[in-house]
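K.L.:
Could you work out the structure for the sequence below:
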Amino acid sequence: MKKRVGVVGATGYTGLELIRLLLRHPNVQLTALTAERYVGQPIWKVFPSVLKEIDIICQPLEVESLAKNCDFIFTALPHKAAMEVIPGFWQRGIKVVDLSADFRLRDPQVYEEWYEKHTAPEFLKYAVYGLPELHREEIKKTSLVANPGCYPTSIILALAPALRHKLVDPHSIIADSKSGVSGAGRSAVLSSLFAEVSENFKAYKVTEHRHTPEIEQELTFLAGKKISLTFTPHLVPMKRGILSTIYATLAQPISEREIYGAYEQFYRNEKFVRLRPGDLLPSTADVWGSNYCDIGFKVDQRNNRLIIISAIDNLVKGASGQAVQNMNLMLGWEESLGLEVIPLYP
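P.N.:
Coordinates of the predicted model:
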């Protein structure tokens, strides 16, 4: 029997990516899609790319109705909106993967410093941060997964082996990340208009990006000590993809071969992390449309610095693909089910 799955907030980029992946998932039947702006319209009218694939009519967000028709829910809503509806699903025994930021930060005070007042802080203790490579066993046991942000996914995975094996000084980390425009969402925003983005390349939210505390929370977990990093995001004129370049001072002299060995050991059994050997450094085109995170590195011997480069598709491993990966774990299925997509290069 297939699991009945609903997507709350189905008409953003992550909503469409969820639909694309779930339509090919062998254990899933899409039964509900919510979109307040398109109530009463078939989803293929919003996204003609799914014409003849799915005929579901967009419906309003009504928790009780959704709970009757779904066994599992993805919430692809803005922050604040998610925390208002997820308790209702929880109380009705529905498992949820939340793609907003509302349950990623374990400390409600930290959430309120970077976002706003949290209206459901009592549920934070139940939420598991949904990075399978770090929290797989906890994800399997929970009913609420806080799906990671796209920038944090690219940075945390790149640094995890280096911090766990104490290869770098944890106080020296600088993360320089570039994202495609889809990371800003599908709403009409001046800074995302074609004329603003095309032929342009800029940093934004320098020292104040809301993904910063999320990154620091997980790096602190890995290092076993409080970590504060410098994180600078950039917007580049492409549709999708994230490339993160991370700099950290080496804790001791070490060869690239030894570092590769540490990374290989850490990710040996990870389906969706690919280590790039030698000078074959990651690029966004090599992961586009897939759930892979590609990682490569070089040692700057002259400056005693490790330079790590990671690439993900921000809409797949950075959002919807990772959400499906988490669903698979929560429901006891093979983790890669529905996600074994070869990247769409070029």
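K.L.:
what packs against the helix-or-strand element of the chain with minimal mean pLDDT?
P.N.:
Taking mean pLDDT, DSSP states H and E as the measure, the helix or strand of the chain with the lowest value is helix 194-197, at a mean of 82. Counting contacts by 3 or more Cβ pairs under 8 Å, 6 or more residues apart in numbering; DSSP states H and E, helix 194-197 packs against no other helix or strand. C-betas here are computed from N, CA, C, even on glycine.
K.L.:
check contacts around N147.
P.N.:
Taking Cβ atoms under 8 Å, 6 or more residues apart in numbering as the definition of contact, the neighbours of N147 are V97, D98, L99, G130, A319, Q322, A323, N326.
K.L.:
Which ones among those residues map onto helices?
P.N.:
With helices defined by DSSP state H, the entries of these inside them are Q322, A323, N326.
K.L.:
Just name the closest of those to T11, please.
P.N.:
Within these, distances to T11 taken as Cβ to Cβ reach their minimum at A323, with 16.1 Å.
K.L.:
what's across from L144 in the sheet?
P.N.:
The residues paired with L144 through beta bridges, assigned by DSSP bridges, are V96.
K.L.:
Read off the pLDDT value for E199.
P.N.:
We note a pLDDT of 89 for E199 in this prediction.
K.L.:
Kindly report the same for R257.
P.N.:
Per-residue confidence (pLDDT) for R257: 95.
K.L.:
That one - that's part of a strand, no?
P.N.:
No - read with DSSP: H, G, I helix; E, B strand; the rest coil, R257 is helix and lies in no strand.
K.L.:
Could you report the neighbour count for it?
P.N.:
The tally of other residues near R257 (other Cβ atoms under 10 Å) stands at 8.
K.L.:
what's the burial count for Q59?
P.N.:
Other residues within reach of Q59 by the criterion other Cβ under 10 Å amount to 20.
K.L.:
give the contact list for it.
P.N.:
Contacts here follow Cβ under 8 Å, 6+ apart; on that basis Q59 touches A32, L33, T34, A35, V39, S65.
K.L.:
In this structure the fourth one contacts G9, no?
P.N.:
If I follow you right, that is A35. Yes - under the criterion of Cβ atoms under 8 Å, A35 lies in contact with G9, with a separation of 7.1 Å.
K.L.:
Show me whatever sits in contact with both of those two.
P.N.:
Between them, A35 and G9 share the neighbouring residues G15, with contact defined by Cβ under 8 Å, 6+ apart.
K.L.:
Show the end-to-end separation of stretch 144-155, please.
P.N.:
Stretch 144-155 has its terminal residues 23 Å apart, counting by Cα to Cα, to the nearest Å.
K.L.:
Now do the host helix or strand of L33, average pLDDT.
P.N.:
For L33, the enclosing helix or strand under DSSP states H and E is strand 28-34. The average pLDDT within strand 28-34 is 98.
K.L.:
cool, stretch 106-125 as well?
P.N.:
Mean per-residue pLDDT for stretch 106-125: 96.
K.L.:
Fine, thanks again, bye for now.
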